[in-house]
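Peer 1: give the three-dimensional model of this entry:
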Amino acid sequence: MTIFERWHLDKPLMTALLILAAVSLVVLYSASGDKLGFALSDAVRLAIGFGVMVGVAQISPDTYRRWSVPLFAAGVLGLIGVLAVGVVRFGARRWIALGPMSIQPSEFMKLSVPMMLAWFFSRYSLPPRIWHIAGATLLLLVPVLLIAKEPDLGTALIVLLSGIIVLFLAGMSWQTILGVALLGLAAAPILWAHMHHYQRQRIFILFHPEADPLGAGYHAIQAMIAVGSGGIFGQGWLHSSQAHLHFLPDSTTDFAFAVFCQEFGLFGNIALLGLYLFIVYRGLRIAFAAQDSYSRLLAGSLSTLFFFDVFINMGMVAGILPVVGVPLPLLSYGGTSLIVVMAGLGVLMSIHGHRRLVN
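Peer 2: I've put the predicted structure just below:
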């Protein structure tokens, strides 16, 4: 038995994640202005994340199934706590202070919502019937509406997407999918009317960033300049003028990919995208090989959600999606978001590793 089998880890997936972590150290060292202290902080952050992933991988999928409901309930209570006693930052109430640190409960719903819906559907034969879909939709809307109330529309949409993925993987009919899509389109004017001004402005700026180049459109314009100036081969490591001259905001967090684009160009982007797609592919392979419906639904949802996290961040940087606070998994500097991503990858490792033990 190899060390990977002993620790319930998938070797190809682990190798890809370690390469991605090394890329993160390289990019964030440059994005921070060649600050060694920041790179060391990133290394500690990544080490903690990998520790969480390995720890989560040791827990069997059956245990996750039993804890799906309590974790979901705790997450909902956490969201209610945010609205009641949460910390306000940048005009939004999204955090709960715990002494010197703070947590963002909405981030954990990206994991607990797929777990809850996978548990819900695993109790019935698939494909689900219409009342099962209705019940799952009600479970999904509770955290989504609470997160949107904070307000955090970006995270609310991602949590909604995580639940929709489970619905789709459970075998929801195309007629139902079409009906839900048409219902969503019909509700769009209502959603628009209830959006905050800055949220509507972000959508407007997506199509006309030049309308406010020094205000709401600044992030998008500077990110597109960084991407475009990278060209085919890039300007080289430590030569991101947008980051080093402080034109690009959030260069170590949400817009770290823009720094990567400017320094490594099109060929670097292709290699990075290929690495991300391999991680998604490996996760889907684990989902297809899972031995029960709960594991298949959960692994499939987590893998697909990882893809959408990558797509949303890259699309935001490239100017084809609105600017939202969605970090690029592992590459962007972050706290709670990294822990949640690595915990999700740990669940994938658990599903893969414990299946191999049975066989």
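
Peer 1: strands along the stretch 1-150 of the chain, start to end?
Peer 2: 87-89, 92-98, 101-103 (DSSP state E, counting those that start in this stretch).

Peer 1: pull out the buried residues from the helix or strand hosting Ala226.
Peer 2: Using DSSP states H and E, Ala226 maps to helix 218-229. Buried positions in helix 218-229, judged by neighbour count with 16 or more other C-beta atoms under 10 Å: 218-227, 229. All C-beta atoms are positioned from the backbone trio N, CA, C, and that covers glycine.

Peer 1: OK, contacts around Met172?
Peer 2: 127-128, 133 (C-beta atoms under 8 Å, 6 or more residues apart in numbering).

Peer 1: please list the members of those residues that lie in helices.
Peer 2: Ile133 (DSSP state H).

Peer 1: which element is Leu328 on?
Peer 2: Here Leu328, judged by DSSP H and E, is contained in no helix and no strand.

Peer 1: one more: Thr176?
Peer 2: helix 174-194.

Peer 1: contact partners of that helix?
Peer 2: 130, 133, 168, 200.

Peer 1: picking that back up, which one of the strands of the stretch 1-150 of the chain lies nearest to Leu79?
Peer 2: strand 92-98 (9.7 Å; C-beta to C-beta).

Peer 1: neighbouring strands for that closest one, and are they parallel or not?
Peer 2: Sheet pairing here is set by DSSP bridges, and for strand 92-98 it gives strand 87-89 (antiparallel), strand 101-103 (antiparallel).

Peer 1: winner for burial among these?
Peer 2: Of all the strands paired with strand 92-98, strand 101-103 carries the top mean neighbour count, a mean of 14, counting by mean count of other C-beta atoms under 10 Å.

Peer 1: before we move on, back to that, whichever of the contacts of helix 174-194 end up buried, select them in PyMOL.
Peer 2: Filtering these down to the buried ones (16+ other C-beta under 10 Å) takes a single PyMOL command:
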select buried, resi 133+168
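
Peer 1: farthest pair in the contacts of helix 174-194?
Peer 2: The most widely separated members of the contacts of helix 174-194 are Ile130 and Arg200, with 34.1 Å between them, by C-beta to C-beta.

Peer 1: what's around Pro28, how many residues?
Peer 2: Not quite, residue 28 is Leu, not Pro. 26 (other C-beta atoms under 10 Å).

Peer 1: hmm, I was thinking of Gly234
Peer 2: Neighbour count for Gly234, taken as other C-beta under 10 Å: 20.

Peer 1: who's in contact with it?
Peer 2: 261-268.

Peer 1: rewinding a little: now pLDDT and distance to Leu328 too, for the contacts of helix 174-194, in CSV please.
Peer 2: Converted to CSV, the contacts of helix 174-194 look like this (pLDDT from 0 to 100; distance: C-beta to C-beta, whole Å):
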residue, pLDDT, distance to Leu328
Ile130, 87, 38
Ile133, 90, 32
Phe168, 91, 24
Arg200, 84, 25
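
Peer 1: tabulate the contacts of helix 174-194 (CSV), appending distance to Ile320.
Peer 2: Output for the contacts of helix 174-194, formatted as CSV (distance: C-beta to C-beta, whole Å):
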residue, distance to Ile320
Ile130, 35
Ile133, 31
Phe168, 23
Arg200, 18
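
Peer 1: now, the contacts of helix 174-194 that are in helices?
Peer 2: Among the contacts of helix 174-194, DSSP H puts 130, 133, 168, 200 in helices.

Peer 1: so where's this protein uncertain?
Peer 2: Across the chain, the ranges flagged by pLDDT under 70 are 90-91, 356-359.

Peer 1: need the longest helix for it.
Peer 2: helix 256-289.

Peer 1: how distant is that helix from the center of its chain?
Peer 2: Averaging C-alpha positions (C-alpha atoms, centre = their mean, to the nearest Å) puts helix 256-289 14 Å from its chain's average.

Peer 1: what of stretch 177-197?
Peer 2: That offset, for stretch 177-197, works out to 23 Å (C-alpha atoms, centre = their mean).

Peer 1: the residue nearest to the spatial centre of the chain: what's its closest spatial neighbour, skipping adjacent residues?
Peer 2: A centroid search over the chain (C-alpha atoms, centre = their mean) returns Asp309, at 4.1 Å, as the residue closest to the centre. Computed as C-beta to C-beta, 6 or more residues apart in numbering, the closest residue to Asp309 that is not its neighbour in sequence is Pro329, at 5.3 Å.
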